[in-house]
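Student: Below are the sequence and a predicted model; questions follow.
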Amino acid sequence: EVVTLAVLMYPLLRGLALQLHSALTGSYIPGTSSMAFINCLNEQIAKDIARAIMDKKLAAQVNILPKSSALYFWKGELEESTEILLIVKTRTSKIVELSNYVRSIHPFEIPEIISLPIDQGNPLYLKWIEENVPRD
């Protein structure tokens, strides 16, 4: 029973230990920040969505990448189009709110909104992300 409790408590205790270590040393906790990728039909929609994300303070930065070709299946058919890609840098804790908000304003029926945690990087940049995206 003690072993079961220890196994169940490990993630919580590890998380607390990492947060304490980060607070004391100023080091980055892997996965605290994330990059989200959002596809857009054209540059104007991409700029509008990027501006809306920034206005809501859901990101520290949004990059707008130029047109790229995309191949995908839609309703059983192979489609080809051009898209603009947004790369959004934010707190991992904001990904659900970001996704919900983007879905509410995006013209696509099923917009691509996917995210990856940032494991490591320039500590000063990662700190900057945290400083520029308010906590929940």
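Tutor: Nice, thanks for sending it over. Numbers count the residues shown, from 1 in each chain.

Student: tell me the contacts of residue 134?
Tutor: Each residue near residue 134 by C-beta atoms under 8 Å, 6 or more residues apart in numbering is listed here: residue 57. Using the backbone N, CA and C atoms, a C-beta is placed for each residue, glycine as well.

Student: now it: how far from residue 93?
Tutor: When distance is defined by C-beta to C-beta, to the nearest Å, residue 134 is 10 Å away from residue 93.

Student: before we move on, what about residue 47?
Tutor: The gap separating residue 47 from residue 93 is 26 Å, by C-beta to C-beta.

Student: And stretch 117-130, end to end?
Tutor: 13 Å (C-alpha to C-alpha, to the nearest Å).

Student: show me where pLDDT drops low in the chain?
Tutor: Flagging of the chain using pLDDT under 70 yields the residue ranges 1-26.

Student: quick one, helices of it?
Tutor: For the chain, the helices identified by DSSP state H occupy 2-25, 43-55, 95-105, 123-132, in order along the chain.
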